[in-house]
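Trainee: Mind folding the following:
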Amino acid sequence: MSAHHTSVKTLLLTGKQVKKILAMENVLGAVEDAFKHKGLEKVQMPPKAYLFYEKFDGDLRTMPSYVEDMDVSAVKIVNVHPQNAKNYGMRTVMGLLVLIDPHTGAPLAIMDATHITDMRTGAASAIASKYLARPNPRVLGIIGAGNQARTQMLALITQYGSFDEVRIFDLYPEKSKAVARQFRRLYRDRIGKVRSVSSAKDAVSGCDIVVTATSSRSPIVMDEWVGEGTHINCIGADAPGKQELDSRILKRARVIIDDWEQASHSGEINVPLSKGELTKDDVNGEIGRIVAGLSSGRQSDTEITVFCSTGLAVQDSLTAKIVYDAASKENVGRFVQIVL
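Mentor: Residues are numbered from 1 along each chain as shown. From the prediction side, this is the model:
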C-alpha cells in the first residue's frame with residue numbers, strides 16, 4: 001500500500017442539470033424496480049426521520065436507503081414548508097441527495113433532489129395505477145394544482161399515452177386554470193379536453209383515476225362522489241394529521257400502501273387509524289408485494305382502489321442512480337473533491 005490515498009471526487013449536479021437529463025419513462029422503470037425490491041424485502045430502508053420546525057410551520061425528513069442486489073445507496077434530505085410560496089416566493093418542497101458507493105462509502109454525487117422527488121412521486125402514482133386502476137382509463141381528475149399536479153400528469157400520460165378528459169380542481173381557481181392551460185398546450189394531441197372545474201366533486205364524479213395532491217388536514221373527497229371502479233392515488237398526506245379522503249371511502253375500498261410504518265404514521269390512513277375509524281385489517285396490502293407478484297392488485301372492475309403514497313427512499317436512490325449514470329455518460333455536472 002502506498003502512503004498517499006486516492007482522492008475521492010464527488011459529482012455535483014444542479015436542479016437544472018437533473019431536469020435536463022431525467023426522462024419520465026426512465027423514472028417509471030426505476031420506481032417499479034424500487035417497489036419490487038421492497039416487496040421482495042431486498043432493501044434497507046429505515047422509516048423517515050422527521051424534524052419539526054413548528055414555529056416556522058415546516059419540517060425536514062431524512063431518507064436513507066440501500067437496494068442490496070443493485071448496490072445502490074443514497075440519503076435524501078427534504079423539507080416541507082407550506083408557507084414558502086406565499087411568504088418567500090420559494091418552493092414548498094426542496095431536496096438534496098447524496099449518492100453513496102456502498103463498496104467504499106464514498107460520496108459519488110451530491111445532487112438537487114427537488115426534481116427527483118417531483119418525478120418519482122408522479123411515477124409512483126402511475127405505477128400504482130398500472131396495477132390497481134381499471135385497464136384503459138379515459139377520465140382523470142386531479143385535486144391540487146401545485147408542482148405535483150404537473151408531474152402526476154406527466155407520469156400518467158407517459159404510462160397511458162392518452163386520456164379523453166382531464167379535470168383539475170384547486171381552492172385557488174387561477175391556479176387550476178393556469179395548470180389547465182399548460183396541459184392543453186403540452187398534451188394537445190394526447191388529451192381530448194382539459195377542464196378547470198369549480199368543485200372537488202366535479203374532479204371526482206365519473207373519473208377512472210383520481211389524484212389528490214394537496215396539503216389538506218381535513219377530507220376534501222367525499223364518499224358519495226366516488227363511483228364503482230374508481231382508483232384514487234393519495235399523494236398529499238405526508239405528515240401526521242394530514243388527510244384528503246373521507247374515512248368512509250377507505251372502509252369501502254381496497255387500500256394499498258407503500259410502507260406500513262410510514263403510512264400509519266403520516267400517510268392518508270394516519271388520521272382514521274388514530275381515531276379508530278380504520279384498523280390495520282382495513283389495509284389490504286403493499287404495492288411492492290403486488291409489483292413483485294406476491295399478492296394481487298385490482299380484483300374486479302367494480303372495486304374501488306386507493307393507493308396511499310408516502311414516498312419511499314428507495315425510489316429516490318434508484319432515480320438518482322439513473323441521473324448519475326446519464327450525467328457521467330453525457331459529461332454533465334462537475335467533479336469536486338469535497339472529502340479530504
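Trainee: measure residue 154 to residue 179 for me?
Mentor: 12 Å (CB to CB, to the nearest Å). C-beta: built from backbone N, CA, C; applies to glycine.
Trainee: now swap in residue 324 and tell me
Mentor: Computed as CB to CB, the residue 324 to residue 179 distance reads 31 Å.
Trainee: Please apply the same query to residue 271.
Mentor: Distance from residue 271 to residue 179, counting by CB to CB: 27 Å.
Trainee: So which residue is smack in the middle of the protein?
Mentor: Central residue of the chain (CA atoms, centre = their mean): residue 121, 1.8 Å from the mean position.
Trainee: Touching, residue 52 and residue 59? I think so.
Mentor: Yes: in this structure, residue 52 is within contact of residue 59 by CB atoms under 8 Å, at 4.9 Å.
Trainee: Of the two, which one has the most company?
Mentor: For residue 52 versus residue 59, the count of surrounding residues by other CB atoms under 10 Å is larger for residue 59: 20 against 12.
Trainee: Not counting its own residues, what contacts the host helix or strand of that one?
Mentor: Following DSSP states H and E, one finds residue 59 within strand 58-67. Residues outside strand 58-67 that contact it (CB atoms under 8 Å, 6 or more residues apart in numbering) are 33-34, 37, 42-46, 48-53, 72-84, 102, 239, 311-314, 316-318.
Trainee: Kindly report the same for stretch 23-31.
Mentor: Contacts for stretch 23-31 (CB under 8 Å, 6+ apart): 119-120, 122-124, 126-127, 151, 154-155, 158-159, 315, 318-319, 321-322.
Trainee: Contact partners for the residue nearest to the centre of the chain?
Mentor: Applying CB under 8 Å, 6+ apart to residue 121 gives the contacts 148, 151-152, 235, 309, 311.
Trainee: again, 10 Å this time
Mentor: If a contact means CB atoms under 10 Å, 6 or more residues apart in numbering, then residue 121 has 27, 31, 93, 147-148, 151-152, 155, 213, 233, 235, 238, 309-311, 315-316 as its contacts.
Trainee: That one is in what secondary structure piece?
Mentor: Counting by DSSP H and E, residue 121 is found in helix 114-132.
Trainee: okay, the angle between that helix and strand 58-67?
Mentor: For helix 114-132 against strand 58-67, the angle by axes from the mean of the first three to the mean of the last three CA atoms, to 10 degrees is 70 degrees.
Trainee: how about the helices in the stretch 101-250 of the chain?
Mentor: Per DSSP state H, counting those that start in this stretch, the stretch 101-250 of the chain carries helices over the ranges 114-132, 147-160, 173-186, 247-252.
Trainee: who are the neighbours in contact with the nearest residue to residue 195 once chain neighbours are set aside?
Mentor: Excluding the flanking residues, the one nearest residue 195 by CB to CB, 6 or more residues apart in numbering is residue 167, at 5.0 Å. If you count contacts by CB under 10 Å, 6+ apart, residue 167 has them with 139-143, 176, 180, 193-197, 202-207, 210.
Trainee: Report the beta-bridge partner residues of residue 167.
Mentor: Following DSSP bridges, residue 167 is listed with bridge partners residue 141, residue 195.
Trainee: And the pLDDT at it?
Mentor: For residue 167, the model assigns a pLDDT of 98.
Trainee: try residue 4
Mentor: Predicted confidence (pLDDT) for residue 4: 69.
Trainee: same thing with residue 163?
Mentor: With respect to pLDDT, residue 163 scores 98.
Trainee: quick one, what contacts it?
Mentor: Shown in contact with residue 163 (CB under 10 Å, 6+ apart): 137-140, 153, 156-157, 183, 187, 190-194, 208-209.
Trainee: What remains of those residues if I keep only buried residues?
Mentor: Buried members of the contacts of residue 163, scored by 16 or more other CB atoms under 10 Å, are 137, 139-140, 153, 156-157, 183, 187, 191, 194, 208-209.
Trainee: What segments of the stretch 151-300 of the chain are strands?
Mentor: Applying DSSP state E, counting those that start in this stretch to the stretch 151-300 of the chain gives strands spanning 163-169, 191-196, 209-212, 231-234, 254-257, 283-286.
Trainee: so which of those gets nearest residue 114?
Mentor: Of all those, strand 209-212 sits nearest to residue 114, with 19.6 Å by CB to CB.
Trainee: Walk me through which strands the closest one pairs with, and which way each runs.
Mentor: Strand 209-212 sits in its sheet next to strand 139-143 (parallel), strand 231-234 (parallel), going by DSSP bridges.
Trainee: deepest of these, which one?
Mentor: Burial of the strands paired with strand 209-212 is given as mean neighbour count (mean count of other CB atoms under 10 Å); strand 231-234 ranks first at a mean of 29.
Trainee: Can you flag the buried ones in the contacts of stretch 23-31?
Mentor: For those, a neighbour count by 16+ other CB under 10 Å gives the buried set as 119-120, 122-124, 126-127, 151, 154-155, 158-159, 315, 318-319, 321-322.
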